[in-house]
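Q: my questions concern the predicted model and sequence given below.
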Amino acid sequence: MRRKKHFFILWIICFLLLNIYALNSDTSQKKKVQKDLRHEVKVTLKLVQVYVTDKKGNPITDLEKSDFELFDNGKPKKITDFERHVLSLPYVKTKVQQKRTEVPPPEKMSRKFFLLFDFAFNNTGGITMAKKAARHFIDTQVNSTDEVGVLSYSTHKGLVLHEYLTTDHSKIRVVIHEVGLREALGRAGRLLEELESEIVRGEVGNVRLKEVREAYMGRMGGKEQLRHQARHFSSALKDWAKALRYIPGYKHIILFSIGVPNFLMYNSSVDMGPQRDKVNLPGTDALDLRTRYEKMSRELETSNSPVYAVNVEGLYSDFMEREGKSLLSRVITKEIQSPDSQAKPSSGIAYRNRRGVTSLRNLAKKSGGKYFGNINYYEKVVEEIQNLTSSYYVLGYYIDEKWDGKYHKIKVKVKRKGCKVSGQRGYFNPKPFNKFTELEKKIHLIDLALSEKPHFEEPINFPLITLPYSVEKKSEVLMLSKIKAEEMKEVSGGKTEIIFLVFDEQKNIVSYQRTKADNPRFPQNDIYCYAVSSLSPGKYDCRTVIRNLETGKGAVASSSVIIPENPDLGLRLYPPLLLIPEHNALYVNATAIKKKEGEEEHSALLNIYPFDSTQYSPLVGELKKDIRTLLVMTRCSIFDIPKAEVKLFASLVHQQTGKTIPLSFSSENKYYDNTLMFSLELQTNELQPGRYFLYLFAEEINTQAKAHVTTTITVE
């Protein structure tokens, strides 16, 4: 009785403490709780991808919405949205030009493919054939709406995402061509290649095949090294599969590989007995490789990512089917017929144990895909993948989406008799961003920065300007964004990161700069964030990504820039920085250079464009029509002209009418090394809404060298 009384008193004290804590919570904490509550339950449209075939496996393409029944965790759901997809082969140009057809409305869900090149368990011939098959797939089977990505797995680099899902298939073809070969071939691939060459040359002799195999393993790092590589492969793909959960629909994975050899995961009767000439599937090892591999396969199935496993052994595989088995059988027969042997003749068990057929078959089966045994018939392989994935339905229904990360089972039925339904097994509710794995966070970032239609969420868009310039013949670019506090309420606050990314024409990342913006003023103030990168001449795509590290909510800005070659002689006028009357703005410098002690956040910006930051702020985005004064700062580089005298002229033209707008301006110029900095204060009066071209002309008086640049001003 006394214990119950003490327990009741303790419960009262805890209740009072919790209420006192709630009353004393600050405003930011309340806002956070409110956001969490908004995340807790959300009515959203859930889309499900379904394939329907007849008993012979042929697609059924004439079903209507009323033919389907859908169950979510056993509960029937009303299908509100419906799409039927029957994809034909890509359009091929003919000599007769066909009439342009009307562009169809955007689809709710398109096909998604990931081409996965396994360089760890492979050989050079297999990789060459894999790339040939992948190019053929892109050229002959992919439709304009299909999204395609490219990955590779290698011993040294692990899982690498070369290109995220995109509809730019010409880009994918370039990526396939440039995917590494010799440097990517892993330890396992080199081992198998050497072992195969020895067997083909008939150099096995009277030595036991098992001893030959183990001798090569010892030289290449040992059997244990291969087991660890198989473990890393399973772990990497399992983590990737978890990240794929949150991309809707099917993610078809086309895997090009020889497969993990049977002897690494499935001990055979050669080693274990007593069943001769059979793979002993229950056999495993200390690393539990088979269990790990099967968990990876199930994770891919759960994330709706079927694997189409293409065995790339190629010509050698055909040779071994015809000649290799008899060769190995003769070798093993000699072993068995020796006086000290009590075993009976085998028929190629050791050969099968060296191959990775079992691992590829199991991966394809457990993930819901299909196994293809010979890369030599790649035209038929890619045609069959096309047939398996080209006809499908999209069913949509509304759910109360909770942010708890729980799994929902989906079951789809078709009322018509004789129909076989292959649909998504289920889906995962979104989970809080702070519970994402590191790989999931990376894919989330790539999805925000590069995806044409981000799958994780719809990001907020904001403006970015890119201004190239030169310092002592060194080319650099200033990337500058304005973050409006009112528009960024869902992104800002708490722990926030700002990332600047620069991609070259091959979509390689050439610059990555990141900073945290935990400043308490961030949610209340507009912020100018910027970064500076040194780049070689060429064309680049730039991105600014802002992401809340607690909620994952993101915002993206994008722009492109051309870095020109510097001339040997003459002038180079660079795009100007436009400034408006605005006082004491807040700046965040993401440049990957440590600031000196006491240095302000905007000091690097002022070194490039030395303006009075107490009076002016950069114009990023549209110009308000009531602003009548505009400060223009532009840099002019001078190449091999001693004692140059340069004059600057300006003209403002309305784009739609071509009318020149009268300007009154005063200009100043100062030398910084070999750079002349012009400052023009333009009195524009009141500009009407629309687009305007600001033309700037520079001329050197003595040599008459000229330069010009044009920038666009949009008045809201």
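A: Structure received. These numbers come from a predicted model, not from an experiment. Residues are numbered from 1 along each chain as shown.
Q: how about low-confidence regions in the stretch 151-300 of the chain?
A: 180-223, 267-287 (pLDDT under 70).
Q: where do the strands sit along it?
A: 158-166, 252-257 (DSSP state E, counting those that start in this stretch).
Q: mind listing what's buried along the longest one?
A: It refers to strand 158-166. L159, V160, L161, H162, E163, Y164, L165, T166 (16 or more other Cβ atoms under 10 Å). (Each C-beta comes from the backbone N, C-alpha and C, glycine too.)
Q: re the thing from before, need the strands of the stretch 151-300 of the chain in JSON lines with distance to R416, can you?
A: Output for the strands of the stretch 151-300 of the chain, formatted as JSON lines (distance: least, Cβ to Cβ, whole Å):
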{"stretch": "strand 158-166", "distance to R416": "33"}
{"stretch": "strand 252-257", "distance to R416": "26"}
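Q: now for the ones you listed, which one comes closest to E301?
A: strand 252-257 (11.2 Å; Cβ to Cβ).
Q: which one of the strands of the stretch 151-300 of the chain lies closest to T614?
A: When these are ranked by proximity to T614 (Cβ to Cβ), strand 158-166 comes first, at 43.0 Å.
Q: report the strands that pair with that closest one, each with its relative direction.
A: strand 147-154 (antiparallel) (DSSP bridges).
Q: residues in contact with the partner strand: which ones?
A: 110-120, 138, 142, 159-167, 169, 172, 175-176, 179-180, 184-186, 233, 236-237, 240 (Cβ atoms under 8 Å, 6 or more residues apart in numbering).
Q: out of the residues you listed, which are buried?
A: 110-120, 138, 142, 159-167, 169, 172, 175-176, 179, 184-186, 233, 236-237, 240.
Q: ok so, going back, and L573, which of the strands of the stretch 151-300 of the chain is closest to it?
A: Closest among these, using Cβ to Cβ: strand 158-166, at 35.4 Å.
Q: hmm, back to that, now the buried residues of strand 158-166 in a markdown table, please, with extra columns for distance to W403.
A: Shown next, in a markdown table, are these (distance: Cβ to Cβ, whole Å):
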| residue | distance to W403 |
| --- | --- |
| L159 | 27 |
| V160 | 31 |
| L161 | 26 |
| H162 | 32 |
| E163 | 30 |
| Y164 | 24 |
| L165 | 24 |
| T166 | 28 |
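Q: from the residues you listed, which is closest to K489?
A: Y164 (28.0 Å).
Q: can you pull the contacts of the closest one?
A: G149, I446, D447, L450, S451.
Q: again, but for I499
A: L445, A449, Y512, Q513, R514, R543, T544, V545, I546, R547, A590.
Q: okay, now the last one: neighbour count?
A: Read that as A590. 21 (other Cβ atoms under 10 Å).
Q: what's the answer for the first one, then?
A: Burial of L445, expressed as a neighbour count using other Cβ under 10 Å, amounts to 18.
Q: could you look up the SS state of it?
A: Secondary structure state of L445, per DSSP: H, G, I helix; E, B strand; the rest coil, is helix.
Q: hang on, isn't it packed against R547?
A: Yes - using Cβ atoms under 8 Å, L445 is in contact with R547, at 6.9 Å.
Q: and the nearest residue to G74 once chain neighbours are set aside, what element?
A: Closest residue to G74 apart from its sequence neighbours, by Cβ to Cβ, 6 or more residues apart in numbering: K409 at 7.4 Å. K409 is part of strand 407-414, with elements assigned from DSSP states H and E.
Q: give me the buried positions along the helix or strand just after that strand.
A: Toward the C-terminus, strand 407-414 is succeeded by strand 420-423 as the next helix or strand (DSSP H and E). Under the neighbour-count criterion of 16+ other Cβ under 10 Å, strand 420-423 has V421, S422, G423 buried.
Q: ok, the last one - contacts?
A: Right, the one you point to is G423. V48, Q49, V50, Y51, I410, K411, V412.
Q: export the residues you listed to a markdown table and tack on pLDDT?
A: Compiled in a markdown table, the contacts of G423 are given as follows (pLDDT from 0 to 100):
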| residue | pLDDT |
| --- | --- |
| V48 | 91 |
| Q49 | 90 |
| V50 | 91 |
| Y51 | 92 |
| I410 | 92 |
| K411 | 93 |
| V412 | 94 |
